Each structure stands twice: as C-alpha cells, then as structure tokens.
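Enquirer: here is the input, now give the coordinates:
(2 chains)
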Amino acid sequence: MAPVAGERAQAPHDVAVAARRRAPSWILLILSLMVVVVLAAPLIFLLIEVRDANWTTVWHLIWRPLTWMLLWNTIRLTVVVTILCAIIGTLAAWCVECTDLPFRRVWAVLVVIPFAIPDFVIAFGWASLSTRVQGFQGAVLVMTLAVYPLVYLPVAASLRAADPGQEEAARSLGLGRLQTFVRVTLRQARAAILGGSLVVTLLILAEYGAFEILGFRTFTTQIFIELQQSFSVAGAAGLSLVLVALGVIVLLGDVVVQGRGRVVRTGAFAQRATRRHALGAWRLPVLAAFAALVVLALGVPVGSSIYWMFARQGVGIAGASLASAGANTAVYSGSAALFATAMALPVALYAVRYGGRTARILERGTFLVLAVPGVVIALALSYFTERYAGGFGYQSAALLVVAYAILFFPLALVGVRASVTYAPVGLEEAARSLGSGRLAVFRRVTLPLVGPGLAAAFCLVFLAALTELTATLLLIPTGAQTLSTQFWAYEKNLSYGQAAPFALVIIAVAAIPSYVIARYFDRLPARATRSK
Amino acid sequence: MRGVRIALGTLAVAGTATLLSACGSSGSSHAITLYSGQHVQTTAALVHAFETSTGIAVNVRSADEDTLATQISTEGGNSPADVFYTENSPALEYLQAKNLLSPVAPGTLAKVPAKYSSPQGRWVGVSARVSVIIYNPSKISAPQLPTGVTQLADPAYQGKLAIAPSETDFQPVVAAVDRADGQKATVAWLKGVASNASGRDYPDNETVVNEVNRGSAALGVIDQYYWYRIRDEIGATNMHAKIVFFAPHDPGYVTDVSGAGILKSSGHQADAQKFLAFLVSPEAQKIIATSASYEYPLLPGVAARGGQVPLAALQPNAVSVADLGDGQTAVNLLRQAGLL
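Expert: Residues are numbered from 1 along each chain as shown, chains lettered A, B, ... in the order given. Prediction:
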C-alpha cells in the first residue's frame, strides 16, 4: 500500500505501464463519469439554492462581521489540528512500523480504534466530565484525538512498503539517525502524510457534532444556526459554498505541495526484512506516550460512558431499541460501504491506468464532498427526489445509503486506489492473452489482487457511516433509529445515563472493522519483527 | 479474509432485503406520520397513549424542529408528514406563513387559552415554559439580581452573565424587549448584554445552567424547565444554582409555547385532527405534566410537576406568539448586535 495517496510513488513497472498508456476503456470512463455526476449533485444543489435566493441577501449573509470570526475559527482549528494529526500520526506510525516498540501488534489496533468513535462521543466524553473542555482548546483536543488515525493508517502502510535500502545507504554515507529520519524516512512517507492530512483537513471543515457539544463556532455550526434560526436553506447554501471554496484552496495547495518531490523505489517490488531501530533509552518514554494517547483517545470516551451508565440509578437500558438501532446501523453502514467501494472502483481504475491530468483533477475533485456538511448533502438529495422524482425513494433506506456513499466516497477512493496500483494491467493482459474471458480475468486476476484493499476501503466507509448523524436525521426512514440518532436523542435531553450504552455499542461495533484494517496492514510485507 | 467475505455477503443480502422492504411498505390506512421536535421520551409516551386509545398508528420522526421545518418546506406538496409538533412557536409560524398548515378543529383550539395558539387557528398550543433568572448564590446575592431584563446590560453585571443567544428560547425575550422599547434600544441593549456575557456566550441553555451551577458565571437567563431537568440528572445535592422570576410583566418574564399543526398536504386530515385533539385532552396533558420534561400543560386544571408556580398564577409579559412570529425580527436584532 505504498502509494496510499501518492500517485508519484511508482514502481519501475508502473512507470513502464504509464509510458504506454493506451486508449481508455469506454466502460470505465462512462462509469466514472456517472459516479462524478452523483457526487456533483450536492454542489449543483448549492448553486441552484443560491441562484433562486436573492443574491444580495446571500451576499450580505456572507459579508457580515461574524463571518470573519467564523473564518478565523475554522482556519486556525483546521491548521492546528492538521499539524497535530500529522505529527502524532507520523510518529506513532514510525514507532509501530520501524522500531522495536514492545507490544506493537496491540498498539497497532488500539491506535486505530479512536477513528471509529464518533467525534461527538469523544466530545461528549470530555465535555460531560469537565465543562473546562470547551472552545478552541477543547475543539483542538477532541478533533485531534478523533482523526489522527487518518494520518496514522496511510503513513504506517507506506513506511511498511518503503525501500529500506535508502535508509541504509544514508546511514552508511554518514548521516545520523535523526538526519536519516528527516531526510530519508519522512521523505518516503511524504505522500502518505500529505494524503492523510488532506483528508483530515477536509473532514474538520465539515465537522458539526463535536463542535456543537463543545460550543465552538465554525462555518459548519453557523450553517446549522442558519437552518435553525432562519429556516434559510439559501443562507446555509451560501455558507456551504464558502466551505467548498476553502476546500478548493486546500486541494490546490495539496496539488502544489505534492507536485514537488518524488519518491522513487529502486530495487524490485519485493520486500525484504530489515532491522528495526532500537529504541534503547527511549523505550519507556515512548511506551508512556502510547499509553497516554490510548487513554486520552480511547479511555476517556469509554470510561466516561461507563461512568454515566452507572452513575444514574434507576435508568433501565432499553435493550430492544439498542438491538434494533444496532441492526439498522449495521445494515445501512454496511450497504453504504459496499456501494461506496463499488463506486470508487471504476474511478480508481480509470485514474490509475489511463489517468492524465484531467482524470487526476476529477479524482481529486471528488474529495470536495468531504468539506460539505452531511445535512447539506441530505437536503440536496431531498430536493432532487422531491423536485424531479415526485418523492420516489424519499426517506427510504436506499436514499440514506446513497447519501452515506456520497459523503464518504473519498475514503473508499483512498483505499481502492492504493490496491488498484497493486494490480498492474499487464497481469490482466497476460491472462487475456492466455484465453481467459473479460469476466474470468476480473474474477481470477483483478479481484484477488485488489481484494484486501477493497476490504480496507469497505471498513473505512463503514466506520465513517457508523458515526454519521446530521444526514441520518433527515433521511432515515421514519420510525427507524440508528445508534447515533438514539445517542443524539438522549444526549440532547441531558439523559447521559441513557445515552451512554449507545456510545458503548458504537465503540464495540467499530472495534471489529478497526481490527480488520489493522490486520490488513499487518499482511503487507513488514520489517523483521525483532531488532538485533 | 474468508470471514470478511462472508460478512460482506451477509450484509449485502440483508441490505438488499431491507431496502426492498422499505420501498414496499406504505402504512395501513390508519397511520399518521408525526414530525416532532419535542422532547423524545415525552413524545414517545404521548404517542403510545394515543395509539392505545384510538388504534391509529403513529410513525414518529424526531429531529431539531427547525431542521424539520426546513425539510417540510423542501418536501412541499409531497411531504410525508401529517402532524408537526414543536417545542417553540416560530417553526409553526414559519410554515403557517408559507400556507402549509390546515386549520385546526375549533373544538381543539377551544381547549386551551387562546393566547397560546395561533391567532389564525393553524396550530394549537400544547404546553409552555417560562423564562427565569438562574443564579449561583455563592457568586451573587439575591438582592443584587436584576428585576428587569434590560438591567442585564448594566456594567454591574460585566463578566458575570451567561447567555445562549442561538437558542430559540431566547427569541421571545428579544421580541418582548423590542415590543416594549423599539428596535434601536433593543440592539443597544443586546450589545450591552453581549459585552457583559463576553466569553460566556454559550451554545445552549444546558451549558448556561451548568456554568452557573458550578459558579463560572454568576447569573443567566433560561427557561425554567432546564433547571428541573438538570437537577434530576445531577441530583438535588449537586444543584447549587437557584431560579427566580423577573418582576411581573417585565419583558424578561415571557412564556415559550410548544404547539402542533397539521400539514395541508396530509392525506390523513381526520386522523391528524384526532391526534391534535388528543394532545390537549386531559389524558395527554397529564402525561406532559408528569413527564421528565417539566413543561406546563396548557389545559386549565392540570397542574405542572414538582411544586412549580401554577401557570394561572404566573404574571408574564404580554408579548404574544404573533408578536414573535417566525422569529426573524428577533434573529435580525441578534444579528445586528453581533450575537448571531
């Protein structure tokens, strides 16, 4: 999974493939375009709403003093959290993958799970224990703990697949440990660090639940206030466009930064064992740091949920609603994960195999949906089904699944793209030339190669959908509940004791895919597990 | 890997089955859909009692009432909603102004005092709360408290005040001050309030209660029921904050009305009318009165819970649900003062 987010991390073999780029497959192109059209629906909705509204009203709404405060809040939070996530994610990944850290397999699973805990549960865990966790610092703390795994995962994967020869060469040429780390190791992981940070940045732009609990105002919370105070979809749409514009700036920045620097792998595409770095005297401090990270990110939400569950006497746990909400959550999230992964497949295949500049721009452009709040995407789907389909499918489970798939498509794409890079088209051609049909080639060659990556993509989307709230509230079939809507209903009424079991079940359900993802990365070629 | 593949297969089958069944089911003839922004548990108790006594099934959709109102207006003529039940009147007034609500049966409207329902008769008042001062006696003594809401802008309260300006509950207070003193004075007052509450401008009333209770703010303005609910959550021994009314008829002493209306687009008008009639019946009003939400039932003769001052004995300001309307005047004033 070396090139998780790095188009440039090419094996020589891939370079050769790219050199003889052939005529694009029409089926792939058409499928990819269909996916892009679906993803563009929310953006089209925003433009329609703003056009239908009085332009000057929307303009006044955007150009008011409060906007600068929101902009400042949104930008400083995004920058600080992204940097913290990049540092924590990278260091944690390096320690797990490249050093002789004790219990590394255990840590590898534990540090991933926080991604699966809804941000609003982490926020609730902290905020319900102390009202001091609030505002900017509270938001930085909670968001960093909630999303750093998105940097950790790709960096860990890329360190695993990185060419150890370069480090050895650097050391042998006289570079010290630190210099080697900065000038060689970090550079190898650069694409993964940037890719993970990009996802983090965009997710924070659209985060709502945690900030609502922590009382920190950003563009996204203001979009909700706009809907709640003024029933103004146009106002919400105007502010969403500002978010999209911020997202575009982030993506352009990413293109510029990614554009510099190249990661080249010399030597064959096979791993060999290398020695792990000995932590030596650092062993205890590093272990303490890992323990602290897990306590803060995992211990606090779990601990405070358990505390609230037992602190309230006389509150029965609604077992039946817990079970049905759990079942609904699993089915919606699972279907969404399947659908999103299926949507990502043609786009990733097209981008990797035939992609020129246009394909890359389109592919990166799909990341913009991450910066659009879930409620806006839900309103967009409501609008289109009501306006153009006579309400067909509205508030059906199917439409909710589509909404999830749109919301989390980029996460699926990250996973699928990485695995598609592993399935060089040459192997398919060889199979074809040996007489296999298209379908057989797909089933017997392509699928086994990309399968594990697809499973990882599935799990990422599943985890994200598991915790979705704002789109769910609008689109879920009437009468149905998910774990997060039930949690929200109780939390909102300050019934912490009744909210807590739902938080715990979300964490328990989330632990399974987290384990699968961690195991998937463990299957990749690794460094030797023992140092000398 | 095999385990994952089996899991995926199972999910796919289960998912498809759910999706298909979801598309195929479209309720029996005697079923209504309720969009509710009200307290989830109390609503569930009301719905259960209604289903038992009438045999009409109720599908409940709970979310923020304002989001639901936006949603209903997006849905337009296709709205699946039959009844809309809210915590505050502005969302109902908004839909009424868009001509999306049906007239409520006169018999239902007659049950509760007219001032709690829409003057146009398109929604009926169901329950109410009243705004109060919450204060922490260790931070401010009772004689130092303001008697009128306009005093909250006095420099004397600098750094002591906590507010939640984005809560819909705050809008009736702003509307009452506007009605009494006019827009210009209201904006000036709100700016004073904003400056006194600088750094204690919280997202919701729950936070205001918590902050006053732990003494980080000396006083705030909330609806009375938050104090009772949080006392139940944290226990009476941990409740240090107290509540007190503003002077009779002061603009800070206002009632917040929770109500319900029927969507014009509803295909179940008769059943929906039955649900509204039920909400103001003695049975439902007693459920509200004894529920965990601590609201005032509006049906005369049904007492509120927990030794609260009876509704009839309250002396609130005369600002009406019509004065408040869809809340946009108050929202604009809050915006001009930089609070929204």
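Enquirer: distance of the most centrally placed residue in chain A relative to residue A:117?
Expert: The residue lying closest to the centre of chain A (CA atoms, centre = their mean) is residue A:411, at 4.8 Å. For residue A:411, the distance to residue A:117 (CB to CB, to the nearest Å) stands at 16 Å. For glycine as for every other residue, the C-beta is placed from the backbone atoms N, C-alpha and C.
Enquirer: and for residue B:268?
Expert: 41 Å.
Enquirer: who has more neighbours, those two?
Expert: residue A:117 (27 against 20; other CB atoms under 10 Å in any protein chain shown).
Enquirer: burial count for residue A:230?
Expert: Neighbour count of residue A:230, defined by other CB under 10 Å: 23.
Enquirer: and it, its phi and psi?
Expert: phi -120, psi 0 (degrees, to the nearest 10).
Enquirer: give me every residue that touches it.
Expert: By CB atoms under 8 Å, 6 or more residues apart in numbering or on different chains, the residues touching residue A:230 are B:328, B:331.
Enquirer: before we move on, what about residue A:277?
Expert: Per CB under 8 Å, 6+ apart, neighbours of residue A:277: A:98, A:99, A:100, A:177, A:531.
Enquirer: possible to save those residues as a markdown table with secondary structure?
Expert: Output for the contacts of residue A:277, formatted as a markdown table (DSSP: H, G, I helix; E, B strand; the rest coil):
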| residue | secondary structure |
| --- | --- |
| A:98 | helix |
| A:99 | strand |
| A:100 | coil |
| A:177 | helix |
| A:531 | coil |
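Enquirer: which one of those is nearest chain B?
Expert: Among the contacts of residue A:277, residue A:98 lies closest to chain B (CB to the nearest CB), at 26.3 Å.
Enquirer: hmm, the closest one is touching residue A:186, no?
Expert: No. Between residue A:98 and residue A:186 there is no contact under CB atoms under 8 Å: 11.5 Å.
Enquirer: neighbour count winner among the two?
Expert: residue A:98 (21 against 15).
Enquirer: can you name the residues of the stretch 151-300 of chain A that neighbour chain B?
Expert: A:212, A:215, A:217, A:221, A:224, A:225, A:227, A:228, A:229, A:230, A:231, A:233 (CB under 8 Å from any CB of the partner chain).
Enquirer: so what's the last one up against?
Expert: Contacts were defined as CB under 8 Å, 6+ apart; by that measure residue A:233 touches A:49, A:227, A:379, B:70, B:73, B:74.
Enquirer: ok, now the fifth one?
Expert: Contact analysis of residue A:224 by CB under 8 Å, 6+ apart lists A:208, A:212, A:236, A:373, A:375, A:470, B:67.
Enquirer: okay, and the closest residue to chain A within the stretch 151-300 of chain B sits in which element?
Expert: Distances between the stretch 151-300 of chain B and chain A by CB to the nearest CB are smallest at residue B:203, namely 4.3 Å. Element membership of residue B:203 [criterion: DSSP states H and E] is none; it lies in no helix or strand.
Enquirer: my read: it touches residue B:166, true?
Expert: Yes. If you go by CB under 8 Å, residue B:203 and residue B:166 touch, sitting 6.3 Å apart.
Enquirer: where along the stretch 101-250 of chain B do the helices fall?
Expert: Remark: helices assigned in the stretch 101-250 of chain B by DSSP state H, counting those that start in this stretch are B:106-109, B:171-181, B:183-196, B:205-213, B:224-234.
Enquirer: switch the ones you listed over to a markdown table; also include mean pLDDT.
Expert: Compiled in a markdown table, those are given as follows (pLDDT from 0 to 100):
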| stretch | mean pLDDT |
| --- | --- |
| helix B:106-109 | 97 |
| helix B:171-181 | 95 |
| helix B:183-196 | 95 |
| helix B:205-213 | 88 |
| helix B:224-234 | 88 |
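Enquirer: domain map for chain B?
Expert: B:27-128+B:256-308, B:129-254+B:326-336 (automatic domain parsing).
Enquirer: tell me who's in contact with the residue of the stretch 151-300 of chain A found nearest chain B.
Expert: Minimum separation of the stretch 151-300 of chain A from chain B (CB to the nearest CB) falls at residue A:228, amounting to 3.8 Å. Counting by CB under 8 Å, 6+ apart, residue A:228 makes contact with B:64, B:66, B:67, B:166, B:168.
Enquirer: closest to residue A:45 out of these?
Expert: Using CB to CB, the shortest approach to residue A:45 within those belongs to residue B:67, at 16.1 Å.
Enquirer: element containing the closest one, please.
Expert: Counting by DSSP H and E, residue B:67 is part of helix B:65-75.
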